[in-house]
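Novice: sequence? don't have it. structure:
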């Protein structure tokens, strides 16, 4: 173990053992001008917030962001203290990777919120596509007069940028042979095809030349309904898969027609017996939670969208405003911040669910960065009180996650 690693791990233990930080109050009470700026940057027209004097739940972190001139000392924030240690060790760049927010209630105009945080994990050094780095995880609780109103688990990667940006890997393409050509032609046509014996009618998958039931060599196919249940699954972490960001969930699905099929499962925390339905992405069948399909939403990501949403979330990290700084830190351009992405996920779901919907939580994981000129395409599937959401650009999946919502 190197001296640098020992120093970082010792600092992580010390900060974690310090436990929950003192309350750090927001700079300002919850106020309508800040809410309006956030709504304008996200493009959210939900009338409920102004009508009822409420703050959008995805804004909860905004109120206690450090800003350009922090009023609270840096030693009051465990994430900042740990970040300073990593900066000194040469891990000077930062990118958020995932967060899970729970909302006990919406904040109201005039309330003053404070946050308490603790360091829950420091893991590294890890080799990533951005460079070698450390993952730092914190847990935070927002309070109003001692009443918990929201909680969040938040993780960032502090990394040392690589000398060059990694080349983008294209997804693995299927190998097509004479026995499986019909299946992949079906995928291209948006159909899930199952091989059927032309003599006895038995269905089989994966495809093959002969029927295992009667031995006949007369293959045909039927088009499946594309629905089934999760029989089992694994979560793949390593080695990396071309065109995929780990971890990847791979499920064995019992189709309603009676055969089993392996495929990637997206947009849900899986459980044995979950109902799923097929969709198609990157030339492959992909499984998603069964339920109501939300309308697709294409968001044109311009420099104005990135910069205005970063300012509205009081995130002054230079990688979201300054292209030269972003390039120096290993990016090809400025990119959307996680607070804004959370806001767009919220907008997507509430635009569909309607103004009366109440959000209970948003849990997201970031993948490919979202740069100026990208089109961020949101899709979603509602099942029960959860909505599985994904947002993709031409370079891959930018965000995936789950929104808990009630009406």
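Specialist: Structure received. Since we're looking at a predicted model, the values are computed, not measured.
Novice: Report the separation between the residue nearest to the spatial centre of the chain and residue 391.
Specialist: In the chain, the residue lying closest to the centroid (CA atoms, centre = their mean) is residue 365, at 2.5 Å. Separation of residue 365 from residue 391 (CB to CB, to the nearest Å) stands at 11 Å. For glycine as for every other residue, the C-beta is placed from the backbone atoms N, C-alpha and C.
Novice: got any residues that touch both of those two?
Specialist: Listed as contacting both residue 365 and residue 391 by CB atoms under 8 Å, 6 or more residues apart in numbering are 399-400.
Novice: pretty sure the residue nearest to the centre of the chain contacts residue 153?
Specialist: No. Residue 365 is beyond contact range of residue 153, at 11.5 Å (criterion: CB atoms under 8 Å).
Novice: so where do the helices sit in the stretch 151-300 of the chain?
Specialist: 181-188 (DSSP state H, counting those that start in this stretch).
Novice: Any regions of it where pLDDT drops low?
Specialist: 162-171, 243, 267-268 (pLDDT under 70).
Novice: Do a quick rundown of the strands in it.
Specialist: For the stretch 151-300 of the chain, applying DSSP state E, counting those that start in this stretch gives strands covering 193-197, 203-204, 219-223, 227-236, 248-255, 260-265, 275-281, 284-289, 292-293, 297-300.
Novice: mind checking how far the closest residue to residue 105 other than its chain neighbours is from residue 115?
Specialist: If the residues on either side of it in the chain are set aside, residue 105 comes closest to residue 149, at 5.6 Å by CB to CB, 6 or more residues apart in numbering. Separation of residue 149 from residue 115 (CB to CB): 10 Å.
Novice: shared neighbours, those two?
Specialist: By CB under 8 Å, 6+ apart, the residues touching both residue 149 and residue 115 are 142-143.
Novice: Helix, strand or coil: sort out residue 363 for me.
Specialist: Under the three-state scheme (DSSP: H, G, I helix; E, B strand; the rest coil), residue 363 adopts strand.
Novice: my read: it touches residue 100, true?
Specialist: Yes. Using CB under 8 Å, residue 363 is in contact with residue 100, at 4.0 Å.
Novice: Same drill for those two, tell me which one is more crowded.
Specialist: Taking other CB atoms under 10 Å, residue 363 and residue 100 do not tie; residue 363 has more neighbours (21 against 17).
Novice: Report the contact partners of that one.
Specialist: Counted by CB under 8 Å, 6+ apart, residue 363 has contacts 98-101, 401-403.
Novice: Going by neighbour count, which of these comes out on top?
Specialist: Most neighbours among the contacts of residue 363, by other CB under 10 Å: residue 403, with 27 neighbours.
Novice: wait, is that residue part of a strand?
Specialist: Yes. Assessed with three-state DSSP, residue 403 lies in a strand.
Novice: re earlier: which stretch among the strands of the stretch 151-300 of the chain approaches residue 5 most closely?
Specialist: Proximity to residue 5, assessed across the strands of the stretch 151-300 of the chain by CB to CB, is greatest for strand 227-236 (26.9 Å).
Novice: Touching that closest one from outside, list them.
Specialist: 246-256, 260-261, 265, 270-278, 287, 290.
Novice: Taking the residues you listed, please make a ChimeraX selection of just the buried ones.
Specialist: Selection command for ChimeraX covering only the buried members of the contacts of strand 227-236, criterion 16 or more other CB atoms under 10 Å:
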select :249,250,251,253,254,255,261,265,270,274,276,277,278,287,290
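Novice: show me the contacts for residue 76.
Specialist: The contact partners of residue 76, by CB under 8 Å, 6+ apart, come to 21-22, 24.
Novice: Just confirm residue 351 is within a helix.
Specialist: Yes. Counting by three-state DSSP, residue 351 is part of a helix.
Novice: Quick one: neighbours of it, just the number.
Specialist: Using other CB under 10 Å, residue 351 has 18 other residues around it.
Novice: quick one: it and residue 387, what's the gap?
Specialist: The value you get for residue 351 to residue 387, if CB to CB is used, is 11 Å.
Novice: With residue 341 as the reference, measure out to the closest residue in space to residue 55 that isn't next to it in sequence.
Specialist: Ranked by CB to CB, 6+ apart and with sequence neighbours excluded, the top spatial neighbour of residue 55 is residue 107, at 4.2 Å. Distance of residue 107 to residue 341, computed by CB to CB: 20 Å.
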